[in-house]
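Trainee: Any chance you could fold what I've pasted below:
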Amino acid sequence: MTSAILVAVMAAATILLCFLPFLIFREKTPRYIVYLGEVLPAATIGMLVIYCFKDVSVLSAPFGIPELTAAACVIGLQIWKRNLLISILGGTVFYMILIQMIVIT
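Mentor: Numbers count the residues shown, from 1 in each chain. The predicted structure is shown next:
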């Protein structure tokens, strides 16, 4: 029961944060908010890529091969399908297969 309440509160907070700019700026959205809306998604993706590769060691086995091939998979899927959800999900599944079944660390 506690878990359901916790999930409901987190969902409500997430929804509120998503709709808050539309509630605050009903008529005209300020230019800096529009700018942040254009710049922050790419900056967030860049930060996540750096975070994912920060502990990869190219000097010891498996030499970063699973991470680099999974990143190449994400890039290839994005170029091919132009769908971020498919790209990230496909790269994640490919990475999990690599580290669980193929690469022995």
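
Trainee: where does residue 63 land in three-state SS?
Mentor: Secondary structure, DSSP: H, G, I helix; E, B strand; the rest coil: residue 63 is coil.

Trainee: before we move on, what about residue 60?
Mentor: Classification of residue 60 using three-state DSSP returns coil.

Trainee: Report how many residues lie close to it.
Mentor: 8 (other Cβ atoms under 10 Å). In this view, the C-beta of every residue, glycine as well, is placed from N, C-alpha and C.

Trainee: same thing with residue 3?
Mentor: When neighbours are counted by other Cβ under 10 Å, residue 3 registers 7.

Trainee: What's the first helix or strand after the host helix or strand of it?
Mentor: Secondary structure assigned from DSSP states H and E places residue 3 in helix 2-24. Downstream of helix 2-24, the first helix or strand assigned by DSSP H and E is helix 31-53.

Trainee: just how off-centre is the helix holding residue 3 within its chain?
Mentor: How far helix 2-24 lies from its chain's middle: 19 Å, per Cα atoms, centre = their mean, to the nearest Å.

Trainee: Give me the residues contacting it.
Mentor: 29, 33 (Cβ atoms under 8 Å, 6 or more residues apart in numbering).

Trainee: could you give the angle of that helix to helix 31-53?
Mentor: Here helix 2-24 runs at an angle of 140 degrees relative to helix 31-53 (axes from the mean of the first three to the mean of the last three Cα atoms, to 10 degrees).

Trainee: Going by neighbour count, list what's buried in helix 2-24.
Mentor: Buried residues in helix 2-24, defined by neighbour count with 16 or more other Cβ atoms under 10 Å: none.

Trainee: That helix - what's its average pLDDT?
Mentor: In this model, helix 2-24 carries a mean pLDDT of 92.

Trainee: Can you read off the backbone torsions of residue 60?
Mentor: The phi/psi pair for residue 60 (degrees, to the nearest 10) reads phi -130, psi 160.
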